[in-house]
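In: Everything below, folded, please.
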Amino acid sequence: MWWATVALASLGTSVVDLSAEMIEAAGPRATGSEGAVEAQRWVARELDARGWSPSVLAGGSAYPTVYACRRGERRAVVLFLAHTDAVHPEVPGANDNAAAVAVLLKAIEKLPRRPTRTVCVAFPDAEEVGLLGSEVFARFTEKLGLGGRIDQVMALDLVGQGRLTHNGLGPAWGTAQLRWMMRHAPAEVPWVYRGVSWAWPHMERSDHRPFTERGVASSHLMARGPSGVYWAYHSREDTLDQLEPATLAQAVRLVRKVAKAPPLPKRGPDPAVVLPSGTVMPGRVVEGVTAVGLLALLAPLGADRSISWPLLHVVVGALAFGTALGLALAGRGLDQALAEPALLAAWCAWAAVWVGWPWPGSARSGRVLCGATALVAAGVWWWMGPILALPLAISALAGVLVGRVPSGLLALPALWPAGYFVRPDAVRELAFHGLLPASPWVWTLVHLFLTLPLVALVQGRALGRGRRRQGLAAALAAASVAAILWAWMSPEAAAPYLRPEVLWPQP
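Out: Just a heads-up that it's a prediction; the model follows:
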């Protein structure tokens, strides 16, 4: 174990050193600059030094790509991509994307002379201005090929800090393909990443997208920190000291494993998801669980007349939630990421209203609200597919079980969708990528809708009556005020805020 740790550290450090060589040799390498041209020349020299014969695809385009291939036992091709440009002349681009270039160069050093599949590595220019280099390269491979049929594409981007993560697993990936990936290239596959890639493959923002649009099983290997966001992204802070040797070494080993692996299974894709344990939930199970959750629409038909009180709970609670969140973020910009103190203030305000309301309603009326959740889940399934509808369906199903079974433990699955979305890092990451605004009112609706089953469970089984209930409400209200003060008096406790960086500058 000691020798393995030393070897891993040594490999990662060598990747950092190689990244430094590229940055020093090319200098500022924004698209169209002399540094961008020099970065391509540097990659060609490094490929040649490693015994790979580099070629340059220009084809009359201003966005060239250096590439090289090693013929395998089969005609199937696995293609790795790492762009060489940086977003701006003042951005060093250590993690975005010199580290990925260095990872690929290190990974090919110890590949067998005759791998199972033909292995190709390509280093496009102009990724930062709209994937222009990879689009030209995809057209080239579509017409002329790389010595065989492209079996798999993996783009490396932002691989230098955090936990390795597979993004971009879109419509070409199903149960069989995801199991292959978890066996040969184990890494995290966040549920929302998989769902967004399945529903909106055109939203991918790395060099694999042109191949995804052509029906090739393509993905994006990246690394994510604790908050899910790389705060130095597209900024002057994207320097070599941001790189983590251990993460880079793991990326090198993962690329080598994929390069040596057999071709992908040929079975048709389906909406499978990868659980946190790495186990793949088959697409049929995802569809089945979602369908059962939608059947919860039938449960509220026998609701009693007290339905108006829980609905009023939601309205007033939403006002409390949004107001607390707005006070905690006042003056800081609602387009910025949300901080832990702000979310704590909002949740305490919401809970204080719910607990202290004088008319508790009934568990049956809570099922009506969960039926509404199922109705929304049906719309999400129709518009985006079953992967993104799955947590809503689980919420609806768990909420119905609260009023139907003696044990509230059966409603615990409601904690999964609620817990996933109300984490501060989930809020920050979705806002960072522009998938949802960071407005308190938007997140009020998202949070309350997903947690209605949990609220119904607490209301019907744990709150009690009288002074105990009033005391709990008062404590929650005091906690909300304290959290607002915390958010204002301790700015260092807040998460870093989003900067207005230019994600897609014009060429």
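
In: by contact count, what packs against whichever strand or helix holds Arg428?
Out: Element membership of Arg428 [criterion: DSSP states H and E] is helix 424-432. Packing partners of helix 424-432 (3 or more Cβ pairs under 8 Å, 6 or more residues apart in numbering; DSSP states H and E): helix 340-356. (C-beta placed from N, C-alpha, C; glycine too.)

In: what's the angle between the helix it packs on and helix 424-432?
Out: 110 degrees (axes from the mean of the first three to the mean of the last three Cα atoms, to 10 degrees).

In: What is helix 340-356 packed up against?
Out: Under the contact definition 3+ Cβ pairs under 8 Å, 6+ apart, helix 340-356 sits against helix 308-329, helix 424-432, helix 440-461, helix 466-489.

In: If you average pLDDT over each of those helices, which is lowest?
Out: If the helices and strands packed on helix 340-356 are sorted by mean pLDDT, helix 440-461 sits at the bottom with a mean of 63.

In: could you pull out the helices for the stretch 101-250 of the chain?
Out: Listed in chain order, the helices of the stretch 101-250 of the chain (DSSP state H, counting those that start in this stretch) span 132-144, 175-184, 191-199, 209-212, 245-260.

In: any idea which of those helices is most buried?
Out: Highest mean neighbour count of these: helix 209-212, a mean of 26 (counted as mean count of other Cβ atoms under 10 Å).

In: pLDDT of it, averaged?
Out: For helix 209-212, the mean pLDDT works out to 96.

In: elements contacting that helix?
Out: Applying 3+ Cβ pairs under 8 Å, 6+ apart, one finds that helix 209-212 contacts helix 132-144, strand 150-156, strand 218-224.

In: quick revisit: would you mind saying which of the helices of the stretch 101-250 of the chain lies nearest Asp96?
Out: Closest approach to Asp96 among those (Cβ to Cβ): helix 245-260, 13.7 Å.

In: Please compute how far the following helix or strand past that closest one lies from its chain's middle.
Out: Helices and strands here follow DSSP H and E; after helix 245-260, the next one along the chain is strand 273-274. Here strand 273-274 is found 13 Å from its chain centre; the criterion is Cα atoms, centre = their mean, to the nearest Å.

In: and if you look at stretch 143-162?
Out: Offset of stretch 143-162 from its chain centre (Cα atoms, centre = their mean): 19 Å.

In: Next, the buried residues of it.
Out: Going by neighbour count (16 or more other Cβ atoms under 10 Å), the buried part of stretch 143-162 is 146, 148, 150-162.

In: Count the neighbours of Ala223 for me.
Out: 25 (other Cβ atoms under 10 Å).

In: That one bridge partners, please.
Out: Beta-bridge pairing of Ala223 under DSSP bridges involves Leu164.

In: I'd say it and Leu254 touch.
Out: No. Taking contacts as Cβ atoms under 8 Å, Ala223 lies outside contact range of Leu254: 10.7 Å.

In: can you list residues touching both of the two?
Out: Leu164 (Cβ atoms under 8 Å, 6 or more residues apart in numbering).

In: Distance of Phe321 relative to Tyr193?
Out: Using Cβ to Cβ, to the nearest Å, one gets 27 Å for the distance from Phe321 to Tyr193.

In: Now do stretch 177-189: everything it contacts.
Out: In contact with stretch 177-189 (Cβ under 8 Å, 6+ apart) are residues 163-166, 169, 173, 217, 219, 221, 224, 254, 257-258, 261, 264-265, 267, 269, 272-274, 276, 278-280.

In: Just the buried residues out of those, in PyMOL syntax.
Out: Buried subset of the contacts of stretch 177-189, written as a PyMOL selection, criterion 16+ other Cβ under 10 Å:
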select buried, resi 164+165+166+169+173+217+219+221+224+254+258+261+264+269+272+273+274+280
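
In: got a list of what Ala44 touches?
Out: Pro54, Val56, Val66.

In: rewinding a little: turn the helices and strands packed on helix 209-212 into CSV, columns for mean pLDDT and distance to Leu327.
Out: Shown next, in CSV, are the helices and strands packed on helix 209-212 (pLDDT from 0 to 100; distance: least, Cβ to Cβ, whole Å):
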stretch, mean pLDDT, distance to Leu327
helix 132-144, 91, 45
strand 150-156, 97, 42
strand 218-224, 96, 30
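
In: Could you save these as a markdown table and add columns showing distance to Thr239?
Out: Output for the helices and strands packed on helix 209-212, formatted as a markdown table (distance: least, Cβ to Cβ, whole Å):
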| stretch | distance to Thr239 |
| --- | --- |
| helix 132-144 | 24 |
| strand 150-156 | 19 |
| strand 218-224 | 16 |
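
In: out of those, which comes closest to Ala487?
Out: Judged by Cβ to Cβ, the one of the helices and strands packed on helix 209-212 that comes nearest to Ala487 is strand 218-224, at 24.8 Å.

In: Output the contacting helices and strands for the closest one.
Out: Judged by 3+ Cβ pairs under 8 Å, 6+ apart, strand 218-224 is in contact with strand 150-156, strand 163-167, helix 209-212, helix 245-260.

In: of all these, which lies closest to Gly12?
Out: The nearest among those, by Cβ to Cβ, is helix 245-260 at 2.6 Å.

In: What sits closest to the spatially most central residue of the chain if chain neighbours are left out?
Out: The centroid of the chain falls nearest to Tyr193 when counting by Cα atoms, centre = their mean (4.1 Å). Closest residue to Tyr193 apart from its sequence neighbours, by Cβ to Cβ, 6 or more residues apart in numbering: Asn167 at 5.0 Å.

In: got it, and Ala26?
Out: Closest residue in space to Ala26, ignoring its immediate chain neighbours: Ala39 at 3.9 Å, by Cβ to Cβ, 6+ apart.

In: repeat for Ser134
Out: Closest residue to Ser134 apart from its sequence neighbours, by Cβ to Cβ, 6+ apart: Asp207 at 3.7 Å.

In: dump the residue contacts of that neighbour.
Out: Leu81, Ala82, His83, Pro124, Glu127, Leu131, Gly133, Ser134, Ala155, Asp157.

In: Just send those back as TSV, with distance to His433 too.
Out: What follows is the contacts of Asp207, written out as TSV (distance: Cβ to Cβ, whole Å):
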residue	distance to His433
Leu81	20
Ala82	21
His83	18
Pro124	22
Glu127	17
Leu131	16
Gly133	22
Ser134	20
Ala155	16
Asp157	14
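
In: just curious, which of those is nearest to Cys348?
Out: Asp157 (39.0 Å).

In: shouldn't the closest one be in contact with Ala82?
Out: Yes. The pair Asp157 / Ala82 is scored as a contact, 7.2 Å apart, by Cβ under 8 Å.

In: Return every residue with contacts to both of these two.
Out: Common contact partners of Asp157 and Ala82 (Cβ under 8 Å, 6+ apart): Asn97, Ala100, Asp207.

In: so who does the second one touch?
Out: Pointing back at Ala100 there. Ala82, His83, Leu156, Asp157, Leu158, Val159, Gly160, Ala251.

In: what's around the residue lying closest to Arg74 once chain neighbours are set aside, how many residues?
Out: What sits nearest to Arg74 in space, not counting adjacent residues and going by Cβ to Cβ, 6+ apart, is Arg117, at 5.7 Å. Other residues lying near Arg117 total 26 when counted by other Cβ under 10 Å.

In: List the contacts of Arg117.
Out: Gly72, Glu73, Arg74, Ala76, Val77, Val78, Asp151, Ala259, Ala261, Pro262, Pro263.

In: between the residues you listed, which is nearest Ala377?
Out: Using Cβ to Cβ, Asp151 comes nearest to Ala377 of those, at 35.3 Å.

In: pretty sure Val252 contacts Val16?
Out: No. With contact defined as Cβ under 8 Å, Val252 does not count as touching Val16 (11.7 Å).

In: All set now, cheers.
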